[in-house]
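Peer 1: Sharing a sequence plus its predicted fold:
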Number of protein chains: 2
Amino acid sequence: MDVYEAIRNRRSVRAYGPDAVDREVLLRVLDAARLAPSANNRQEWRFVVVADHDRRQRLMQAANNQRFVGEAPVVIACCAKTDERRMRCGQLAYPIDVAIAIDHMTLAATAEGLGTCWVGSFYEDKVKDVLGIPGDVRVVELLTMGYPADSPRPKSRFSLDDIVSWEAWNL
Amino acid sequence: MDVYEAIRNRRSVRAYGPDAVDREVLLRVLDAARLAPSANNRQEWRFVVVADHDRRQRLMQAANNQRFVGEAPVVIACCAKTDERRMRCGQLAYPIDVAIAIDHMTLAATAEGLGTCWVGSFYEDKVKDVLGIPGDVRVVELLTMGYPADSPRPKSRFSLDDIVSWEAWNL
């Protein structure tokens, strides 16, 4: 799928059909994450891929009982092994690096006919508990993945004029 | 360009030819950012697009005199209007939201034959000063953009087995 088409078609899918995601498809999507850039190429992202039914139910509970988290045939806990290093600009590197890798996965998944949803509403300690994730690892987002069972709606976005300024700040 | 091809071909370009980037191309790339998802669809990303030569020199100085920042025909200051809101998981929303939008731009730019580089090594107060960016706006990254004047090298990345674990943490 063309990259612009993937960017246009990607949407947050919160209703999934029952079909499992084939291992080969999943590996292609994960490989898109693997190829992502990261600050100083530290590649601190780590992914725990969950398909087991009971474990997904426990992840759903850790994510405020959002039903689609339990319904999606795959949930990926997107983590960072990190020393909380900051870039010169003041930002932590790891949330940005993990976000880039996740974005690659959402676009690759779109090309595969899959839907995804970024989930930031979860209790990190509970997710760590369910998946046996060590204390010094951060869980940045959950990503649900599966075949969409709903229909696309038009995207609601600002216009370019609202978000872009030329040569100097004028917003 | 196919989305997987864009993901494979995207690389950090730190040497640029002198050709300017056409406005229509730039607008397509910026529109890819505009379509990005964000937490609660807040769309807090803002972009200051800089092509003016003198201003780019000043941005280069604000970015530790990294020469390619002054050489690139376009530098985009990628900002966030933010109340520093955190998601339930504990992460700040805005660096992740800005990163998603930037990643969209890097892939769109790749499809356009352009090169980009994420720049996190800069003094935020100096960049704000050069571009007149208000105090409550955060500058998360600079993104350089232009036609590559160097050659691709093979990507150095961990294998999937190093970064992916199945059902529970095992890394």
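Peer 2: Here it is on my side, so go on. Numbers count the residues shown, from 1 in each chain, chains lettered A, B, ... in the order given.
Peer 1: how would you label the residue nearest to residue A:137 when sequence neighbours are not counted: helix, strand or coil?
Peer 2: Closest residue in space to residue A:137, ignoring its immediate chain neighbours: residue A:79 at 5.1 Å, by C-beta to C-beta, 6 or more residues apart in numbering or on different chains. C-betas here are computed from N, CA, C, even on glycine. Here residue A:79 is recorded as strand under DSSP: H, G, I helix; E, B strand; the rest coil.
Peer 1: is residue A:79 in a bridge, and if so with what?
Peer 2: With DSSP bridges as the criterion, residue A:79 is bridged to residue A:46, residue A:139.
Peer 1: burial count for it?
Peer 2: For residue A:79, the neighbour count with other C-beta atoms under 10 Å in any protein chain shown is 28.
Peer 1: same for the helix ranked longest in chain A, what does it pack against?
Peer 2: Ranked by number of residues, the top helix in chain A under DSSP state H is helix A:93-111. With contacts defined as 3 or more C-beta pairs under 8 Å, 6 or more residues apart in numbering or on different chains; DSSP states H and E, helix A:93-111 has these neighbours: helix A:3-9, helix A:23-34, strand A:45-50, strand A:74-81, strand A:115-119, strand A:137-146, helix B:3-9, helix B:93-111.
Peer 1: Can you tell me which of those is nearest to residue B:165?
Peer 2: Of all these, strand A:45-50 sits nearest to residue B:165, with 5.2 Å by C-beta to C-beta.
Peer 1: Look up the closest residue to residue A:134, ignoring the ones flanking it.
Peer 2: Nearest in space to residue A:134, with sequence neighbours left out and distances taken as C-beta to C-beta, 6+ apart, is residue B:169 at 6.8 Å.
Peer 1: Wasn't that neighbour part of a strand?
Peer 2: No - with three-state DSSP as the criterion, residue B:169 is coil rather than part of a strand.
Peer 1: Could I get the contacting residues of it?
Peer 2: Listed by C-beta atoms under 8 Å, 6 or more residues apart in numbering or on different chains, the contact partners of residue B:169 are A:48, A:131, A:132, A:133, A:134, A:137.
Peer 1: if we can go back for a sec, now for the helices and strands packed on helix A:93-111, which one comes closest to residue B:25?
Peer 2: Of all the helices and strands packed on helix A:93-111, it is helix B:93-111 that lies closest to residue B:25, at 8.6 Å by C-beta to C-beta.
Peer 1: quick one on the thing from earlier: and the residue nearest to residue A:137, how far is that from residue A:70?
Peer 2: Taking C-beta to C-beta, to the nearest Å as the measure, residue A:79 falls 20 Å from residue A:70.
Peer 1: Check residue A:165 too.
Peer 2: According to C-beta to C-beta, residue A:165 stands 43 Å off from residue A:70.
Peer 1: next one: residue A:92
Peer 2: Residue A:92 is 30 Å from residue A:70, by C-beta to C-beta.
Peer 1: I figured residue A:105 hits residue A:116, correct?
Peer 2: Yes - the pair residue A:105 and residue A:116 passes the contact test of C-beta atoms under 8 Å, sitting 7.0 Å apart.
Peer 1: Now do the shared contacts for those two.
Peer 2: Counting by C-beta under 8 Å, 6+ apart, the residues touching both residue A:105 and residue A:116 are A:143, A:145.
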